[in-house]
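*Asks:* Here is my input; please provide its structure:
(chains A and B)
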Amino acid sequence: MLDRKIRVREIRDLGGGNHLLTMSSPEQARLVQPGQFMMLKCSAGLNDNPLLRRPFSVFDVDRTPGAKRARGLVLLVKEVGAGSRMLAALKPGQEVCVLGPQGRPFAVATATQGRVSTACLVAGGVGIAALYLLAQRLLEHGVAPVLFYGGRTAADLVLREYFQRLGLETHYTTEDASLGEAGLVTYPLERFLRSRIRSGVRVYACGPWAMMKAAHDLAVKYKVPCEVSLEARMGCSLGACMGCVIRAFDDGGEEQYMRVCLEGPIMDSRKVDWDTPPI
Amino acid sequence: MVHKQVKRQADRSPRLEVDIGTVRLRNPVMTASGTFAYGVEFAHLMDLDAIGGIVVKGISMKPIKGNPPPRIWETSSGMLNAIGWQNIGAVEFVTAKLPALRKYRTNIVVNIVGFDLDDYLEVARFLNDCPGIAALELNISCPNVKKGGFHFNKDPRDAHAVTAQTKKVCTRLPLWVKLSPNVTDICEFARACEEAGADALSVVNTFVGMAIDVEKRRPRLKYVTGGLSGPAIKPVALRMVWQACRAVKIPVIGVGGIATTEDALEFLIAGARAIQVGTANFYNPAASQQIAAGLAEYCSSKAIGDINEIIGSLRT
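*Replies:* As a prediction, the model looks like this:
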């Protein structure tokens, strides 16, 4: 984890308040693992409001064309409040204070030790941002990811062309039927789990709490491992303030409060107390 | 001839050491309890030896789970927290965290918490026997637990009692007391704790505050109220430090909204012997180290040979 002042290389408006932010940071890019996040200071001055940094999943590592050397980070920024609006207004060349990469990453190692053949990537809305690096890493190790991507409406399903370019089998759902199947993303997921031989299948989910809970319930029902990418308002992101906790079960089965920044954001879904959402 | 003399003085590094009773700090900068975990979590982001001391997260004898979330809410120039003293317990701290922290030269002060007097005495007794700790900081001022802490700040006589009793069991270690600002007269509490034998005072803890979600019509914190910290509280914390310094003779450590070198200087000039950096650590992990360097530069640039010259130098 490094604390660096880095420059914006490019910022792309994806519509619907979504922006893809590319920043130059070879040091941090070389360290990042799928599922990790960066903490961005939204205001220009370090002691200016808003004080606290905001966490963003690393969507992708930016590489030099040709040589493919890691030169920076790509983050998905959705305008939801004052801080994210400041980030959305950044221009190429401007500097941002960025801390990271941080957090417990997805367990790709287990996936690639021949014990997983199929990875179900389950995304809800901007949760997609946590899954692209993972998809690439899984493919590199011969594991076939299948994408299940849902949202309220077609405009919510951003960045899907990136996954399409990887050649993945994709299943889209929208609640208003504007794209793909009408309904929730767990409908095609359940059909998939029911129809496949389940040994070697692993679920990775990122999205709203209710979506991840539903994915977890399916993983338990069909007896497959499942990892989720949790979200919480963060104070320090370093495990110091104890602010970003969720209720979870430790190895002894006892209920504890665990930090999303340190014991997460990626957690075994069976550890999470799904009946107690943090907000 | 005169020019050479002035240059020679400026070349000599200013003396930044301050004494909090028998505890010598390499410089007046410390980190505040609850904002720096057990120190080692920050070791790769700053040099822990660059500051005078670390006050670790409040420790109780038995582990405490803490309050249900949401536990934090950002405010203008600050934040509210209702963590609820989540900590790993004294035994786990001493076996799992303290050894790594002791590898550094910085002073380790342990903040202690409890729900009643017996809790405080038990953890104080236990830690008193542990090598590697420079002092204990008695947390009788945390606004986020139903009993204990806050209750000792309703009446100076209760603050006196808990200080005096805890001081008795601290046969090896100095006892600092962290005061709550949620009182009518900070001087009453400062004097009471000094009388009871406190070796120093940390002034102040967080201010009780709250925030509301107007869509859901619910408090932003599950606990409803929380402690306000950050730059927003600095003017009030500073005023209380100034008042406390005039009320007692024991050292006062200033804490509350310090984020920059200038902030730290304000507290030192008001009379604080040392300062603690808290909330700033969250968005600027190396803040305390930067402030320590800033104090050195301030002294050099003004040809101040010893930081102690400016402590309490406010002209009124």
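
*Asks:* residues from chain B in reach of chain A?
*Replies:* B:34-37, B:41-42, B:44-45, B:57, B:65-66, B:68-74, B:76-79, B:81, B:83, B:86, B:230-231, B:259-260, B:279-286 (Cβ under 8 Å from any Cβ of the partner chain). C-beta coordinates here come from the backbone N, C-alpha and C atoms, glycine included.

*Asks:* among the residues you listed, which are in strands?
*Replies:* Using DSSP state E, B:57, B:72, B:73, B:74, B:78, B:79, B:81 are the members of the residues of chain B next to chain A that sit in strands.

*Asks:* so what's residue A:99 bridging to?
*Replies:* residue A:3, residue A:39 (DSSP bridges).

*Asks:* about what we covered before: kindly indicate which of the ones in strands among the residues of chain B next to chain A lies nearest chain A.
*Replies:* residue B:72 (3.6 Å; Cβ to the nearest Cβ).

*Asks:* what sits against the closest residue to that closest one other than its chain neighbours?
*Replies:* Distance criterion Cβ to Cβ, 6 or more residues apart in numbering or on different chains; nearest residue to residue B:72, sequence neighbours excluded, is residue A:243 at 3.6 Å. With contact taken as Cβ atoms under 8 Å, 6 or more residues apart in numbering or on different chains, residue A:243 is in contact with A:232, A:233, A:234, A:235, A:236, B:69, B:71, B:72, B:81, B:83.

*Asks:* One more pass at 10 Å, please.
*Replies:* With contacts defined as Cβ atoms under 10 Å, 6 or more residues apart in numbering or on different chains, residue A:243 is in contact with A:52, A:232-237, A:259-261, B:69-74, B:79-83, B:86, B:282.

*Asks:* low pLDDT regions in chain A?
*Replies:* A:109-115, A:198 (pLDDT under 70).

*Asks:* For it, just list every one of the helices.
*Replies:* Listed in chain order, the helices of chain A (DSSP state H) span residues A:26-31, A:82-88, A:108-110, A:132-140, A:160-165, A:186-195, A:209-221.

*Asks:* now for the ones you listed, which one comes closest to chain B?
*Replies:* Counting by Cβ to the nearest Cβ, chain B lies closest to helix A:82-88 out of those; the figure is 8.9 Å.

*Asks:* and residue B:204, backbone torsions?
*Replies:* Taking degrees, to the nearest 10, you get phi -140, psi 170 for the backbone angles of residue B:204.

*Asks:* Quick check: closest non-adjacent residue to it.
*Replies:* Closest to residue B:204 by Cβ to Cβ, 6+ apart is residue B:181, at 3.9 Å.

*Asks:* So the one you found: helix, strand or coil?
*Replies:* Going by DSSP: H, G, I helix; E, B strand; the rest coil, the secondary structure assigned to residue B:181 is coil.

*Asks:* That one reaches residue B:209, doesn't it?
*Replies:* No. Under the criterion of Cβ atoms under 10 Å, residue B:181 lies out of contact with residue B:209, with a separation of 11.3 Å.

*Asks:* more neighbours, these two?
*Replies:* Neighbours around residue B:181 and residue B:209, counted as other Cβ atoms under 10 Å in any protein chain shown, are more numerous at residue B:181. The numbers are 23 against 20.

*Asks:* what sits against that one?
*Replies:* The contact partners of residue B:181, taken as Cβ under 10 Å, 6+ apart, are B:141, B:143, B:153, B:189, B:203-208, B:227-228, B:233, B:236-237, B:239-240, B:256.

*Asks:* how about the strands in the stretch 1-150 of chain A?
*Replies:* Using DSSP state E, counting those that start in this stretch, the strands of the stretch 1-150 of chain A run over A:2-15, A:18-24, A:37-40, A:54-63, A:70-78, A:95-102, A:118-124, A:144-151.

*Asks:* and the first one, which residues are buried?
*Replies:* For strand A:2-15, the neighbour count (16 or more other Cβ atoms under 10 Å in any protein chain shown) marks A:3, A:4, A:6, A:8, A:9, A:11 as buried.

*Asks:* Just give me the closest of those to chain B.
*Replies:* Nearest to chain B among the buried residues of strand A:2-15, counting by Cβ to the nearest Cβ, is residue A:3 at 5.7 Å.

*Asks:* Would you check that the closest one makes contact with residue B:45?
*Replies:* Yes. Taking Cβ under 10 Å as the definition, residue A:3 is a contact partner of residue B:45 at 5.7 Å.

*Asks:* Overlap of the contact sets of those two?
*Replies:* A:99, B:284, B:285, B:286.

*Asks:* Quick one: buried ones out of these?
*Replies:* Neighbour-count burial (16+ other Cβ under 10 Å) applied to those gives A:99, B:284, B:285, B:286.

*Asks:* Throw those into TSV and include distance to residue A:20, thanks.
*Replies:* Shown next, in TSV, are these (distance: Cβ to Cβ, whole Å):
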residue	distance to residue A:20
A:99	20
B:284	27
B:285	27
B:286	30
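
*Asks:* in chain B, what spans have low per-residue confidence?
*Replies:* B:1-11, B:142-150.

*Asks:* Helices along that one, start to end?
*Replies:* For chain B, helices defined by DSSP H occupy the ranges B:2-11, B:90-92, B:98-101, B:117-128, B:156-169, B:186-195, B:234-247, B:261-270, B:280-283, B:287-301.
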